[in-house]
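Q: fold the following, please.
(chains A and B)
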Amino acid sequence: AQKVTQAQTEISVVEKEDVTLDCVYETRDTTYYLFWYKQPPSGELVFLIRRNSFDEQNEISGRYSWNFQKSTSSFNFTITASQVVDSAVYFCALFTGTASKLTFGTGTRLQVTL
Amino acid sequence: DAGVIQSPRHEVTEMGQEVTLRCKPISGHDYLFWYRQTMMRGLELLIYFNNNVPIDDSGMPEDRFSAKMPNASFSNLKIQPSEPRDSAVYFCASSPVGLDVGELFFGEGSRLTVL
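A: Numbering: from 1, shown residues only, chains lettered A, B, ... in the order given. Down below sits the predicted model:
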């Protein structure tokens, strides 16, 4: 069985603070893919990043960075110098060949205030 | 380019009525997915199509739910008869490649309330 755990239900920060969203996954597959999606107040989910299980390099895209650690089965997401526009629900997701579908975590609601 | 288009955005209906949700995927995308989002169960995959053919409908909750994709530019999800527990946001998503490779492009969702 595959599972994605986002233990943080809701996080509130003040603008310009750094914030890390945690994601822990479970799978017995050796090949798998991890994703992060953003769901802004408008509702649609927006793809942020995809990582395969053989690529443990951390990735940085502007103020966003991702830390993938197979040893702890974690794929954490950090927003540096957060902005009000970052306020959204963020979902971590896992795809494995065994399940052949995306399993989403329960999401973390990020509220960035002035 | 237009994204995934869903209609209606909001639907309020009474228990027992038939509900039809519609989706127009991004042109050229071979995969189409229907998801349901609720507070209790989060995001669940209901069914997905590849080249208009249903591939996996194991997520469809019960026989009251059905989905079709008569052509590459349209899909619908029907609930008949609807029940209050069907209240949720239903998302359609499309992708040019499969789940394991590409990203999903989501519509803005159809919020269904069954009274």
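Q: residue contacts, the closest residue to A:Glu17 other than its chain neighbours?
A: In space, and not counting its chain neighbours, A:Glu17 is closest to A:Ser82: 5.5 Å by C-beta to C-beta, 6 or more residues apart in numbering or on different chains. No exception for glycine: its C-beta is placed from N, CA and C like everyone else's. Each residue near A:Ser82 by C-beta atoms under 8 Å, 6 or more residues apart in numbering or on different chains is listed here: A:13, A:15-19, A:63, A:110, A:112.
Q: repeat that with 7 Å
A: A:13, A:15-19, A:112 (C-beta atoms under 7 Å, 6 or more residues apart in numbering or on different chains).
Q: just for chain B, where's the confidence low?
A: In the predicted model, chain B carries pLDDT under 70 at residues B:1, B:99-102.
Q: run the last query once more with 90
A: Residues of chain B meeting the criterion pLDDT under 90: B:1-2, B:39-41, B:61-62, B:96-103.
Q: the residue positioned nearest the centre of it pairs with what?
A: Centroid-nearest residue in chain B, with C-alpha atoms, centre = their mean: B:Trp34, separated by 3.1 Å. In this entry, B:Trp34 is beta-bridged to B:Ile47, B:Cys92, by DSSP bridges.
Q: you'd agree it is up against B:Cys92?
A: Yes - using C-beta atoms under 7 Å, B:Trp34 is in contact with B:Cys92, at 5.8 Å.
Q: residues near B:Ser73, how many?
A: Neighbourhood size, B:Ser73 [other C-beta atoms under 10 Å in any protein chain shown]: 15.
Q: show me which residues of chain B sit near chain A.
A: By C-beta under 7 Å from any C-beta of the partner chain, the residues of chain B that approach chain A are B:42-43, B:45, B:56, B:89, B:99-100, B:103-104, B:106-109.
Q: highest neighbour count among those residues?
A: Result: B:Gly107 is most packed of these (other C-beta under 10 Å), 26 neighbours.
Q: how close does A:Gly105 get to A:Phe95?
A: Distance of A:Gly105 to A:Phe95, computed by C-beta to C-beta, to the nearest Å: 13 Å.
Q: now A:Asn58
A: 20 Å.
Q: kindly report the same for B:Pro81.
A: 34 Å.
Q: now the residue in chain B that chain A sits nearest to: closest residue in space, sequence neighbours ignored.
A: Here the residue of chain B nearest chain A is B:Glu103; by C-beta to the nearest C-beta that distance is 3.6 Å. Of all residues beyond its chain neighbours, the one nearest B:Glu103 is A:Phe47 (3.6 Å), with distances taken as C-beta to C-beta, 6+ apart.
Q: what helices or strands is the helix or strand encompassing that neighbour leaning on?
A: Secondary structure assignment for A:Phe47, by DSSP states H and E: strand A:46-52. Packing partners of strand A:46-52 (3 or more C-beta pairs under 7 Å, 6 or more residues apart in numbering or on different chains; DSSP states H and E): strand A:32-39, strand A:64-69.
Q: cutoff 8 Å now
A: The criterion is 3 or more C-beta pairs under 8 Å, 6 or more residues apart in numbering or on different chains; DSSP states H and E, and the helices and strands that strand A:46-52 contacts are strand A:32-39, strand A:59-61, strand A:64-69.
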